[in-house]
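# give me a 3D structure for the following:
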Amino acid sequence: MNGYVVIYERSEDGGWGAYCPDIPEVIAVGTSRPEVETRMKEALSAYFEYLRETGEPIPEPASDAGFVAV
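You can find the predicted model right below:
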């Protein structure tokens, strides 16, 4: 099992969005951070299943993330 960086962003209306830099085809939205986390996991799993079914390779994780305190 590989781990992928997922970026979570809160919108001005309070909703949440998520995307994976290594898998740009997959995004998720939700009304809360926990909801969008669940939806992103489900979306990535479904996309990887699709890739397996069609014989396409699953991209290896290549991104990393960190925090900078200023």
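
# what's the end-to-end length of stretch 55-70?
Using CA to CA, to the nearest Å, the gap from the first to the last residue of stretch 55-70 comes to 46 Å.

# which residues does that stretch contact?
Residues from elsewhere that reach stretch 55-70 (CB atoms under 8 Å, 6 or more residues apart in numbering): 2, 3, 4, 5, 7, 20, 21, 22, 23, 48, 51, 52. Just so you know, the C-beta spots here come from the backbone N, C-alpha and C atoms, and that holds for glycine as well.

# and that stretch, how far from the chain's centre?
10 Å (CA atoms, centre = their mean, to the nearest Å).

# cool, and stretch 35-46?
7 Å.

# what do you get for stretch 8-27?
The answer for stretch 8-27 is 7 Å, by CA atoms, centre = their mean.

# not counting sequence-adjacent ones, nearest residue to residue 16?
residue 36 (4.0 Å; CB to CB, 6 or more residues apart in numbering).

# swap that for residue 38, sorry
Nearest to residue 38 is residue 30, by CB to CB, 6+ apart, at 7.6 Å.
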